[in-house]
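Trainee: Below is the structure, and that's it, no one-letter string:
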């Protein structure tokens, strides 16, 4: 439920660019088929907007609008893993900003999937790579933020459960038991 403080956007500029880049890429792709726009020009515009969107969502929108970040880290031995960050649960995101962020995360990949199917139906092979690139960029962010959100909820729930169950033990005993519970839960969910 929206509170009085959540009835306005907290970060309108981040929302503007989130929707501007995504809508712009989608609109140029769709309109390039209707007008006699040169193929190369429309491809360059769409790819530029997709790249700007990918960077903006990864580095600005997700952090500002929902308090989440993710990246893939490669260790010296070559092993690769995802790292997730989230804001403190005591500072929740604006509900309207969050709803608009998650709407964009799921709506635009769905729209690109429909356009991919349409390109296959029309046998428009030249536009399939553009749609594939759009899906790669959009789905990478969607999957990354979905996992980051799950990780944040898991950490919050684990932190709340261990602090409530073992908070009364105190001292070294509470620390040891809390550490054991966290590592056990981490193995189950990690």
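Mentor: Done, it's in. Note that this is a predicted model, so its numbers are computed, not measured.

Trainee: if I look at the most centrally placed residue in the chain, how far off is residue 138?
Mentor: In the chain, the centroid-proximal residue (C-alpha atoms, centre = their mean) is residue 145; its distance is 3.1 Å. Distance, residue 145 to residue 138, using C-beta to C-beta, to the nearest Å: 11 Å. C-beta here means a position set from N, CA and C on the backbone, and glycine is covered the same way.

Trainee: so is residue 85 in a helix, a strand, or just coil?
Mentor: At residue 85 the chain is in strand, as set by DSSP: H, G, I helix; E, B strand; the rest coil.

Trainee: Now for it, how many residues are close by?
Mentor: Around residue 85 there are 14 other residues, counting by other C-beta atoms under 10 Å.

Trainee: and the residue nearest to it when sequence neighbours are not counted, what element?
Mentor: Spatially, and ignoring its direct neighbours in sequence, residue 85 is nearest to residue 69 (4.3 Å; C-beta to C-beta, 6 or more residues apart in numbering). Residue 69 belongs to strand 68-74 when elements are defined using DSSP states H and E.

Trainee: List the contacts of that strand.
Mentor: When contacts are defined by C-beta atoms under 8 Å, 6 or more residues apart in numbering, strand 68-74 is touched by residues 58, 62-63, 80-87, 144-145, 147-149, 152.

Trainee: hmm, try it at 10 Å
Mentor: 58-59, 61-63, 79-87, 93, 98, 101, 140-141, 143-149, 151-152 (C-beta atoms under 10 Å, 6 or more residues apart in numbering).

Trainee: ok, residue 139 to residue 106 distance?
Mentor: Residue 139 is 10 Å from residue 106, by C-beta to C-beta.

Trainee: Those two - which one has more neighbours?
Mentor: Shown here are residue 139 and residue 106; by other C-beta under 10 Å, residue 139 has more neighbours (15 against 12).

Trainee: ok, and for stretch 123-139, which residues are buried?
Mentor: For stretch 123-139, the buried set under the neighbour-count rule, 16 or more other C-beta atoms under 10 Å, comprises 127, 130-131, 133-135, 137-138.

Trainee: Show me what the lengthiest helix in the chain is packed up against.
Mentor: Longest helix in the chain by number of residues (criterion: DSSP state H): helix 128-166. With contacts taken as 3 or more C-beta pairs under 10 Å, 6 or more residues apart in numbering; DSSP states H and E, helix 128-166 sits against helix 12-34, helix 39-56, strand 68-74, strand 80-86, helix 95-121, helix 171-189.
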